[in-house]
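Student: Based on what follows, work out the 3D shape:
(2 chains)
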Amino acid sequence: MSAVQSLRDVWYVFGRAQAKFWGSPIRIFFQLFGALMFLVLFTQLFSKLADLPGFPTVGYLEIAVGGILFLNTLNSTMQSANAIVDELNTGYLANLLVTPVQRGAILLGRVLSDGVRYACQTSIVLGIAWLLGATFATGVPGVLLIYLIVVGFGVAWSGLTMTVGLATKSNETVSVVGTLLTFPLMFTSTALLPAAFLPAWMQAVTRYNPISYMSDAARTLMVSGFDGAVLLQAFAVIGMILALTWSSTLWLFRRVVG
Amino acid sequence: MSNIVVVEDLVEVYAGGTRAVDGISLQVPEGEFFGFLGPNGAGKSTTIKVLSTLLRKTSGSVTIDGHDLDRDPEGIRRTIGVQSQETVVDGDLSGRKNLLFQGHLQRMQGAELQRRVEELLDLMELKEVADRKAKQYSGGMKRRLALAAALVHRPRLVFLDEPTTGLDPQSRAKVWGYLSRLNKEDGTTVFLTTQYLEEADKLCRQLSIIDRGKIVANGSPADLKEQVGGETLALTLGPTSAAGPWEPLEGLLRALPGVDKVVDVDRGLVVYARQASRLVPEIVTLVRGAGVHLESINLAAPTLDDVFLQKTGSRIRGGDLTRGAAPAPVGGVRGGVY
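Tutor: Reported below is the predicted structural model:
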């Protein structure tokens, strides 16, 4: 099997997933709407916070953006798992497996397409924030780094939802586990408030929450500047999650296509 | 002619210990229209899943077009087209895009693929709806689209797992017509499973009858019917007062001259005899004498159903097995690979 053929396989699987994604405008509309809703709700709810002494920015908006980016991504990784569980259960995957398509391409093409989806959601959140008057301290390079962090985290985290999906073959389980994890992860992290504004015990908890590292990195890029240590930590956390969740996903996938 | 499918002593045991396929051997020559006939849960789908590289076999050997299943599944995948029993098309994509995607996975591209897709859309009468999302298609249309997808790369061998189950008679006739042409004009070898005797009789030149994971008979439909021999008399009987329904009567009938076999079925007995029509008066007398109410007598030339009945002791009727202790269907393979 030539490398060119493998790349073609990845490209076709990617293309199909993209066609499905762009082919449903309703879904895109609700993602837009969801991002707008969260941004408006959170900025209204916490608007007075920015008046407190020691708050890192002039408004709450720039703080909220970091959190909402990852709230969206956490939700979105459930869709990634749902898609593969559906294909497993309807027999569509079996249909792919009786063709000469590369086994790895079936997964890789899909992951790349999911990456595009996470990037689109990032654009929506950042775009709305910009329209609402948010400022970006690090300009275009910083924004590109934000994309990289969100997409990297999304791909890493989707390994977890896919592991649940492939192990249980049940979308209900994926939703239950995903939703159960989302809220504690959001509220015990620095996603919605900087660490300094949290009680001491919770500050300790946030140190073990990956979402803290993600939103700290995005927030620093939004409100202050490039902080090498913060960025390095974020990418290290992404790398760890990626290694952990994708080794189990790959193991389960190999069993399924075995 | 060389054999495109060679199966030797294939066994498939599921995790729970069910022997879904219990030592079958098959040879299908290239260009054949081969039918695998059996009731639900007989092991037909399981066999196709193994042959199409989806399900790992427990033991035995499989060679398709010279490619060994263990050493070269990739080679098998390049040779075959498969339409699974569950109709699977991508509902989010149009019919045309479904076929283009399938073609791409089968290493086709460009103008050649375009032409082939248009040809299949024409053939399956899907041209008018080709740009509509497949989830809006009727069941028959989805089925035809799935069949087109299995054929897009002009495979030399196609596996069709109950391609007409659930179709209305009109759509079924269309699919039959298309499959015969595919086999006659393109020389494609067809490996089809069915639980419809009419379908097997009409389409297949060679048949294997499978029941409970074992092949119980092989041959052309005509050969098989000849094996049954003579005619059949189906007696529909009323309830009896005796405990064991028709047992004494069965013995008496078996003793009649020219009777090969008497089989106990749902609502009566079937008598196989060389010249069954001549036995009618005697049979009526015997039934009366046994105190059994005779509702009707039906004289018929042998059908594949009779073959099935004679070989397995049960009937295929609209897919349902009329047997007391029918095995649980093992068609869905969720436990093993899926």
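
Student: The strand or helix carrying B:Ile4 packs against which elements?
Tutor: For B:Ile4, the host element (DSSP states H and E) is strand B:3-13. On a contact count with 3 or more CB pairs under 8 Å, 6 or more residues apart in numbering or on different chains; DSSP states H and E, strand B:3-13 meets strand B:19-29, helix B:44-51, strand B:59-64, strand B:189-194. (Each C-beta comes from the backbone N, C-alpha and C, glycine too.)

Student: any weak-confidence spans in the chain?
Tutor: Picking chain A for this. Confidence mapping of chain A against pLDDT under 70 gives the ranges A:1, A:58, A:258.

Student: nope, chain B please
Tutor: Ranges of chain B meeting pLDDT under 70: B:1, B:229, B:239-245, B:315-338.

Student: Can I get the helix ranked longest in it in PDB, CA atoms only?
Tutor: The longest helix of chain B (DSSP state H) is helix B:169-185. What follows is helix B:169-185, C-alpha atoms only, in PDB (Å, rounded to 0.1, in the frame of the first residue of the first chain):
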ATOM      1  CA  PRO B 169     -43.100  -7.600  -5.100                       C
ATOM      2  CA  GLN B 170     -42.500  -5.000  -7.800                       C
ATOM      3  CA  SER B 171     -39.200  -3.800  -6.400                       C
ATOM      4  CA  ARG B 172     -38.200  -7.400  -5.900                       C
ATOM      5  CA  ALA B 173     -38.800  -8.200  -9.500                       C
ATOM      6  CA  LYS B 174     -36.700  -5.300 -10.500                       C
ATOM      7  CA  VAL B 175     -33.800  -6.400  -8.400                       C
ATOM      8  CA  TRP B 176     -34.100  -9.900  -9.700                       C
ATOM      9  CA  GLY B 177     -33.900  -8.600 -13.300                       C
ATOM     10  CA  TYR B 178     -30.900  -6.600 -12.500                       C
ATOM     11  CA  LEU B 179     -29.100  -9.400 -10.800                       C
ATOM     12  CA  SER B 180     -29.700 -11.800 -13.600                       C
ATOM     13  CA  ARG B 181     -28.300  -9.300 -16.100                       C
ATOM     14  CA  LEU B 182     -25.300  -8.600 -13.900                       C
ATOM     15  CA  ASN B 183     -24.500 -12.300 -13.900                       C
ATOM     16  CA  LYS B 184     -25.200 -13.000 -17.500                       C
ATOM     17  CA  GLU B 185     -23.900  -9.900 -19.200                       C
END
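
Student: Can you tell me which helices and strands that helix packs against?
Tutor: Partner elements for helix B:169-185 (3+ CB pairs under 8 Å, 6+ apart): strand B:33-37, helix B:139-151, strand B:189-194, helix B:197-203.

Student: In space, what's closest to A:Asn89 - neighbours in sequence excluded?
Tutor: Excluding the flanking residues, the one nearest A:Asn89 by CB to CB, 6 or more residues apart in numbering or on different chains is A:Lys169, at 6.1 Å.

Student: From B:Val88, how far off is that neighbour?
Tutor: 16 Å (CB to CB, to the nearest Å).

Student: out of the two, which sits in the busier spot?
Tutor: Using other CB atoms under 10 Å in any protein chain shown, the more surrounded residue of A:Lys169 and B:Val88 is B:Val88, with 21 against 16.

Student: Quick check: residues of the stretch 101-250 of chain A near chain B?
Tutor: Applying CB under 8 Å from any CB of the partner chain, one finds that the stretch 101-250 of chain A approaches chain B through A:Val101, A:Lys169.

Student: quick one on the thing from earlier: to the chain's geometric centre, what's the distance from the longest helix of chain B?
Tutor: Centroid separation between helix B:169-185 and its chain, computed with CA atoms, centre = their mean, to the nearest Å, is 15 Å.

Student: Could you give me the buried positions within that helix?
Tutor: B:Ser171, B:Arg172, B:Lys174, B:Val175, B:Trp176, B:Tyr178, B:Leu179, B:Leu182, B:Asn183 (16 or more other CB atoms under 10 Å in any protein chain shown).

Student: Save those as CSV, and put in distance to B:Lys44 too.
Tutor: What follows is the buried residues of helix B:169-185, written out as CSV (distance: CB to CB, whole Å):
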residue, distance to B:Lys44
B:Ser171, 21
B:Arg172, 18
B:Lys174, 23
B:Val175, 17
B:Trp176, 18
B:Tyr178, 21
B:Leu179, 17
B:Leu182, 20
B:Asn183, 19
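
Student: residues touching the closest residue to B:Pro302 other than its chain neighbours, list them.
Tutor: Distance criterion CB to CB, 6+ apart; nearest residue to B:Pro302, sequence neighbours excluded, is B:Val228 at 4.1 Å. Neighbouring residues of B:Val228 by CB atoms under 8 Å, 6 or more residues apart in numbering or on different chains: B:Tyr272, B:Pro302, B:Asp306, B:Val307, B:Gln310.

Student: so what's the fourth one up against?
Tutor: What it means is B:Val307. B:Ile209, B:Ala217, B:Leu224, B:Lys225, B:Gln227, B:Val228 are the contacts of B:Val307 under CB under 8 Å, 6+ apart.
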